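>>> Structure for this input, please:
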Amino acid sequence: MNTISDALNALREGRTTARALLEASRDAAGAAASLNALAWVDWEQAARAADALDALRASGAPAGPLHGIPLTVKDLFNVAGMPTRGGTRAPLHELGTAESSLATRLREAGALIFAKTNLHEVALGATGENRWTGDVCNPFDPERQAGGSSSGAAVAVASGIGLGAVGSDTGGSIRIPASFCGVVGFKPSYGAIPLDGGLNLSWTCDHAGPLARSVADCALLFEVMSGRSTRHGAVPRAPRLAIPAGWLRGRLQPGVREVFERLVASLRRDGVTVMEIDAPLIPRGWDAYTPLVRAEAAWVHRRALADGGEGFSDMVAPPLRAGLSVSASDYIASLKVRESLTAQLEAVLTDCDALIMPGNAVLPPKRGQTEVSTEGGTMSVRDALLGQTAPFSFAGLPALVLPTGLVEGLPTSLQLVARRDADASLLALAHWFEARLSSQAG
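Now for the predicted structure:
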């Protein structure tokens with residue numbers, strides 16, 4: 001059973017149990033152990049929880065919308081009975097001990113949260129490489145990056161370790177690993193899912209969201225974590241889509257562009273309006289993202305940094321320390337750019353249903369690789385990965401990635417971006433794209 005929807009049907013019909021789904025996850029975790037997706041798991045504790053869920057169903061008691069579904073949670077959010085380490089050896093002074101609201105909502109809906117997933121240290125990075133916990137490896141090629149920072153979440157879903165996962169996305173940390181691992185990743189509108197009980201990276205840009213194997217599964221997880229319905233979402237009879245073509249020029253690798261342009265051509269052949277638009281503030285948004293996030297991350301970890309920064313790796317300590325020197329004027333300037341970018345994107349989106357573009361500008365780089373070649377020349381891996389996604393989390397708009405196929409045996413994806421709080425409409429459009437892509441592949 002690859003999807004939550006399939007498993008829920010089997011559970012209702014008595015064809016499987018929570019315990020059986022957990023055992024399948026345990027088998028998958030064993031088979032994929034070398035990919036390093038999990039940060040913490042206690043299989044005996046999880047088995048007891050699964051048995052309790054099965055007993056509750058057998059009693060005839062009302063079942064929640066996720067009753068018996070095994071899920072993982074990024075090791076950035078507190079879950080009762082599980083440690084939270086954030087992928088670091090540094091103390092997490094600002095985290096607290098209370099369970100995150102999103103975890104409580106999932107458990108109250110009947111979900112079986114059985115493991116924590118690995119991540120890029122304190123979520124400050126996009127590759128999934130980690131000096132302390134080890135790199136999370138790409139399931140399509142273990143020599144390549146899984147993406148980050150929700151690297152373990154994406155790999156767990158792709159490998160069948162649970163049927164869905166919870167990640168966080170500050171600049172692309174759900175969408176990048178979902179793109180690299182061939183799964184669906186949804187970053188909702190800013191503030192849609194509560195972040196209490198989680199370790200902030202940047203409270204201005206942080207989002208929580210689901211990763212799963214289908215859009216419908218992401219929608220269900222979003223509904224539970226946010227308390228918002230998506231049933232009113234609908235796709236217009238004639239969708240209007242927009243491509244920020246100028247911004248994409250020079251950013252993509254040729255194989256990624258080919259897949260995207262083939263998709264756009266098929267849409268236009270079928271009468272879908274796909275226009276090219278100018279959004280000159282997107283690159284400015286990417287430039288302004290970095291000082292804002294680093295300044296807020298440095299504040300979050302200020303006590304650990306004041307004590308010398310011991311426990312932060314050499315990959316994370318330098319950008320954290322750089323955040324200490326961001327001036328008040330530069331911080332405020334970033335906030336002003338954020339306001340302008342949000343207004344510009346919202347204006348563009350009044351005339352269309354979504355922006356569309358590749359979710360990953362480049363194919364997954366090798367682990368340890370720091371530069372990639374694109375149509376425009378050489379680019380840092382950080383710019384190539386986060387530059388494709390960060391402007392939209394910076395603006396707080398809902399964004400989703402879904403798989404579009406393989407190039408050289410590695411996944412490509414489509415990113416959809418909609419107006420603020422248009423999460424239901426975006427999920428409906430993503431479902432439409434998913435069905436379209438599936439029928440074309442078949």
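>>> Give me the distance between Lys50 and Arg237.
To be clear, residue 50 is Ala; Lys isn't right here. 44 Å (C-beta to C-beta, to the nearest Å). (Each C-beta comes from the backbone N, C-alpha and C, glycine too.)
>>> ok, the two, which is more surrounded?
Taking other C-beta atoms under 10 Å, Ala50 and Arg237 do not tie; Ala50 has more neighbours (22 against 5).
>>> Return the backbone torsion pair for Pro403.
phi -70, psi 140 (degrees, to the nearest 10).
>>> In this structure it contacts Ser413, no?
Yes. Because the distance of 5.6 Å satisfies C-beta atoms under 8 Å, Pro403 is recorded as touching Ser413.
>>> Quick check: neighbours shared by the two?
Taking C-beta atoms under 8 Å, 6 or more residues apart in numbering as the criterion, Pro403 and Ser413 both touch 179, 182.
>>> Count the residues that sit near Asp287.
12.
>>> meant to ask about Val417
24.
>>> hang on, isn't it packed against Leu355?
Yes. In terms of C-beta under 8 Å, Val417 counts as a neighbour of Leu355; the distance is 4.2 Å.
>>> what touches both of the two?
With C-beta under 8 Å, 6+ apart, Val417 and Leu355 have common neighbours 345, 349.
>>> Now the closest residue to Arg131 other than its chain neighbours: which helix or strand?
The shortest distance from Arg131 to any non-neighbouring residue, by C-beta to C-beta, 6 or more residues apart in numbering, is to Ser313 (3.7 Å). Assigned by DSSP states H and E, Ser313 falls within no helix or strand.
>>> what about Ser313, distance to His120?
10 Å.
>>> can you list residues touching both of those two?
Overlap of the contact sets of Ser313 and His120 (by C-beta under 8 Å, 6+ apart) consists of Asn130.
>>> more neighbours, the two?
Remark: of Ser313 and His120, His120 carries more neighbours, 30 against 19, as counted by other C-beta under 10 Å.
>>> thinking again about what came up before, didn't the residue nearest to Arg131 look like it was pressed against Glu121?
Yes. Contact criterion C-beta under 8 Å: Ser313 and Glu121 qualify, at 5.8 Å.
>>> residues shared between the contacts of those two?
Joint contacts of Ser313 and Glu121 (C-beta under 8 Å, 6+ apart) are 88, 130-132.
>>> List only those of those residues flagged as buried.
Listed as buried from those are 88, 130, 132; burial here means 16 or more other C-beta atoms under 10 Å.
>>> okay, how far is it across stretch 170-189, tip to tip?
End-to-end distance of stretch 170-189 (C-alpha to C-alpha, to the nearest Å): 12 Å.
>>> what is the mean pLDDT for it?
Averaging pLDDT along stretch 170-189 yields 98.
>>> Over to stretch 134-147?
Here the average pLDDT along stretch 134-147 is 98.
>>> mind listing what's buried in it?
For stretch 134-147, a neighbour-count test (16+ other C-beta under 10 Å) marks 135-141, 144-147 as buried.
>>> Tell me the spacing between Asn200 and Glu143.
32 Å.
>>> Also Ala242?
In terms of C-beta to C-beta, Ala242 sits 36 Å off from Glu143.
>>> packing partners for the host helix or strand of Ala7?
Here Ala7, judged by DSSP H and E, is contained in helix 4-12. Counting contacts by 3 or more C-beta pairs under 8 Å, 6 or more residues apart in numbering; DSSP states H and E, helix 4-12 is packed against helix 18-31, helix 215-226.
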